[in-house]
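K.L.:
only geometry, no sequence info:
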C-alpha cells in the first residue's frame, strides 16, 4: 500500500502489485467485459509516495522532466514573472 497524496492530492491509499499480477487482473477483467477491481491497484510508484505496508523492489523508468512530477513542473513553468510593469 502506498500513500501518493504528496503527488496526487488524493487521500486514498493505493495497493501496488507486480506488473504480471496487474496484467493478469486486466486480462481477467477484459474477459468479463470490463475491468472489475474493487480497490485501486497500480504497478507504478509515483515519486514522493510513502510505502505504508509491504515490501518489494522497483525499477526507475523516468527521471527529471520525463517523470510525472517533472512533466507537471514543466507545465507550470511560466518563465520569468514580472509583478510590476
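P.N.:
In hand now; what should we look at? This structure is a prediction, so every number in the text was calculated from the model and none was measured.

K.L.:
Could you use CA atoms for every contact and neighbour count after this?
P.N.:
Noted.

K.L.:
Give me the distance from the helix or strand that contains residue 70 to the chain's centre.
P.N.:
For residue 70, the host element (DSSP states H and E) is helix 68-76. How far helix 68-76 lies from its chain's middle: 14 Å, per CA atoms, centre = their mean, to the nearest Å.

K.L.:
Can you pull out the residues in contact with that helix?
P.N.:
Helix 68-76 is contacted by residues 7, 46-47, 63-65 when judged by CA atoms under 8 Å, 6 or more residues apart in numbering.

K.L.:
Same list (the residues you listed) but as JSON lines, adding pLDDT.
P.N.:
Shown next, in JSON lines, are these (pLDDT from 0 to 100):
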{"residue": "7", "pLDDT": "69"}
{"residue": "46", "pLDDT": "76"}
{"residue": "47", "pLDDT": "76"}
{"residue": "63", "pLDDT": "86"}
{"residue": "64", "pLDDT": "85"}
{"residue": "65", "pLDDT": "85"}
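
K.L.:
out of those residues, who's nearest residue 23?
P.N.:
residue 46 (18.8 Å; CA to CA).
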